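Student: Got a predicted structure plus its sequence, pasted below:
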Amino acid sequence: MGKIVRGFSISSLQGFPKRKTALLISPPLYDTQYWAEWSQPYGLLRIAALLKKYQYKRIELFDFLETGEDRKVANYRINPNDRYSEQGRPIKTEPVKITKNGETLKLLWRHFGKSWEELEMWLNEKGFDKRHPPTEIYISAVMSYWWEAVRDLTIRLKNRFGDRPKIILGGIYPSIAPEHAARMTKADIIVDGEVEEANDLWPDISFYEKPQTYGIVTPSRGCPFNCSYCAQLKINAGNRAVRFRDPKDIVAEMSHKYDEYGIRDFAFYADFLLWDFGNNLTRVLERIISEKLPFRLYAPEGLDTKFLSSSQHLCDLLKESNFQKIYLPVESIDDGYLKILNRRHVKLEHYVKAVKMVQKAGFTLRNLDVNSFVLYGLPGEKIDNVVKTAMFVSEMVGSIIPMLYSPVPSTTLYQNHLPYFKERGWDKKLQYLNGKLYPFIHMNEGSISDYVDLQRMMFMLNAHYRSESFQLYGHSLVNEAFRSNIRNGFENMVNLYKGWIPEKEAPPIRVINHDEPGQAIPSK
């Protein structure tokens, strides 16, 4: 069983750094779907920079999730619950099955990233074997529901090298579920929390053999809030204080990556990007603008609408500094439900105001310039509330990003439902907490078909034709006819024909105009 360590430091390890070899690995993952757009393991790359600072003799990186120009990773089918610590690709596969009230949803389970065979070939090429193992192996792990690939990776490494290399596991998963990681993987050291001495280092992408096309920037750490579904407080060792990097250092990092590697695309990742933005993010953007740096900027995790809606100047800076897209979390249009999630500082009015302000700054609505996250799949939610939220978001910005909720170990929501998870064994089989598997389907009013229909509806509302999506509440004759026919009973005609047997005479129908009172009914 691995040793759980808080406040981990490289100096705590035995041996002289100048004589040591370090292998850094970002593992694959098992899931039904994966969006690899910003998959660069920036925490692990900061560790690489730290090891270089310690003057390690040799440092090697293998990133299973390394993307090509298309920002995608390879994948192949595997079996749910199988171990791949020894076997490679299975000959025959079965889907993972979600059931409720006699209804079953089948989802394909996949290995995302480079294959195990590719890892073995790479290790051979680098000369790593039982006689010549690395001194230390650093593994970064992200989502706790991806833990199985971490288990299989650590077992494979132990089988290949024996106990000589020290395997150090860090990242989000071991920070939010350290006991699980210590018990279920073969890592020797479980890093619970941050590696403080690496926090402000620039992620070192020089260890990639192929040039990287983008960079991840972390301008701050920490968040003053404690939303019931978020684990940032545990990851930051209970510290609510937000710690900032110097704006000059942030821009210097970006400029270095542009000058050295030609990188123009940068994504900001932070626990709370807009906290004290006047002294931090604003200064970063102003410097980028004043120096006329040719960057394309993103904030994939979203911008807090309360803070964004407090400053038109900030919205203008986002546009002027070349932010490519705006992502706005809305979670729910029900302010009462937001309070249940402990999102007390955000209200619907903040979202509406933020939408109008980014539009004023020059971002175009209804064409994927501005996007909104809709969180669903939470315990106790009402289908009607999710539908209304999606319709509202569609009308406001035109682009919905459906976000299925995944309960996260260590959070308030997870702890409140721990008996429910233990009853199903999901406190150990964390893969079943994956939102795509609908972990709360048995607690909610909706059926499996209802939740599949929620996704269909949101994707339908997102559909674009001639650069825009359809407006349910627009003012064209088509918009008005659509709404009128939803209200005026036109469905009666549809249902009559849906139940009609072709061998029988078709039911006579009187179709009314959209402005005519009454209902569409069979003529007498």
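Tutor: Structure's in. What do you need?

Student: For my notes, confirm residue 183 occurs in a helix.
Tutor: Yes. Secondary structure of residue 183 (DSSP: H, G, I helix; E, B strand; the rest coil): part of a helix.

Student: distance of the residue nearest to it when sequence neighbours are not counted from residue 198?
Tutor: Counting by C-beta to C-beta, 6 or more residues apart in numbering, residue 1 is the residue found nearest to residue 183 once chain neighbours are left out, at 6.0 Å. (C-beta placed from N, C-alpha, C; glycine too.) Counting by C-beta to C-beta, to the nearest Å, the gap from residue 1 to residue 198 is 26 Å.

Student: can you check residue 491 too?
Tutor: Where residue 198 is concerned, residue 491 sits at a distance of 60 Å (C-beta to C-beta).

Student: more crowded one of these two?
Tutor: The residue with more neighbours, out of residue 491 and residue 198, is residue 198; 22 against 14, by other C-beta atoms under 10 Å.

Student: wait, what's in contact with the more buried one?
Tutor: By C-beta atoms under 8 Å, 6 or more residues apart in numbering, the contact set of residue 198 is 43, 46, 47, 49, 50.

Student: Where do the strands of the stretch 301-450 of the chain begin and end?
Tutor: Applying DSSP state E, counting those that start in this stretch to the stretch 301-450 of the chain gives strands spanning 326-329, 370-376, 400-404.

Student: Can you tell me which of the ones you listed is nearest to residue 110?
Tutor: Comparison of these against residue 110 by C-beta to C-beta identifies strand 400-404 as nearest, at 16.7 Å.

Student: what helices or strands is the closest one leaning on?
Tutor: Contacts defined by 3 or more C-beta pairs under 8 Å, 6 or more residues apart in numbering; DSSP states H and E place strand 400-404 against strand 370-376, helix 383-396, helix 448-462.

Student: Enumerate every residue touching residue 149.
Tutor: 27, 28, 29, 30, 84, 111.

Student: how about the nearest residue to the third one, chain neighbours excluded?
Tutor: Beyond its immediate neighbours in the sequence, the residue positioned closest to residue 29 (C-beta to C-beta, 6+ apart) is residue 146, lying 4.2 Å away.

Student: what about the one you found, is that helix, strand or coil?
Tutor: helix.

Student: Check what pLDDT it gets.
Tutor: Per-residue pLDDT puts residue 146 at 98.

Student: Is it in contact with residue 177, as I believe?
Tutor: No. Using C-beta atoms under 8 Å, residue 146 is not in contact with residue 177; the gap is 11.5 Å.

Student: Of these two, give the one with the bigger neighbour count.
Tutor: residue 177 (25 against 21).

Student: tell me the contacts of that one?
Tutor: Neighbours of residue 177 in contact, by C-beta under 8 Å, 6+ apart: 144, 147, 409, 410, 430.

Student: was I right about the second one contacting residue 141?
Tutor: Yes. Applying C-beta under 8 Å as the test, residue 147 and residue 141 come out as touching, 7.0 Å apart.

Student: mean confidence for stretch 63-74?
Tutor: pLDDT averaged over stretch 63-74 gives 90.

Student: got the CA coordinates for it in CSV?
Tutor: Only the C-alpha atoms of stretch 63-74 are listed here, as CSV (Å, rounded to 0.1, in the frame of the first residue of the first chain):
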residue,chain,number,x,y,z
ASP,A,63,2.1,11.4,-22.7
PHE,A,64,-0.6,8.8,-23.6
LEU,A,65,-3.0,11.7,-24.3
GLU,A,66,-0.6,13.6,-26.6
THR,A,67,-2.7,15.0,-29.5
GLY,A,68,-1.8,15.7,-33.1
GLU,A,69,-2.7,18.8,-35.1
ASP,A,70,-6.4,17.9,-34.9
ARG,A,71,-6.3,17.9,-31.1
LYS,A,72,-7.7,14.4,-30.9
VAL,A,73,-6.4,11.1,-29.5
ALA,A,74,-6.8,7.6,-30.7
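
Student: in that stretch, what counts as buried?
Tutor: 63, 64, 65, 66, 67, 73, 74 (16 or more other C-beta atoms under 10 Å).

Student: so how far is residue 414 from residue 190?
Tutor: Taken as C-beta to C-beta, the span from residue 190 to residue 414 is 19 Å.

Student: Between the two, which is the more surrounded one?
Tutor: Set side by side, residue 190 and residue 414 show more neighbours around residue 190, with 28 against 22, by other C-beta under 10 Å.

Student: how far does stretch 72-90 sit from the chain's center?
Tutor: 21 Å (C-alpha atoms, centre = their mean, to the nearest Å).

Student: Check which residues of that stretch are buried.
Tutor: 73, 74, 75, 78, 79, 80, 84, 85.

Student: Residue 133: which of those is nearest?
Tutor: Nearest member of the buried residues of stretch 72-90 to residue 133, counting by C-beta to C-beta, is residue 85, at 17.7 Å.

Student: Straight-line length of stretch 370-384, end to end?
Tutor: Distance across stretch 370-384, first residue to last, is 24 Å (C-alpha to C-alpha, to the nearest Å).

Student: again, but for stretch 403-416
Tutor: For stretch 403-416, the first and last residues are 21 Å from each other (C-alpha to C-alpha).

Student: Kindly report the same for stretch 89-109.
Tutor: One end of stretch 89-109 sits 12 Å from the other (C-alpha to C-alpha).

Student: ok, residue 268 - contacts?
Tutor: 217, 218, 219, 281, 297, 298, 299.
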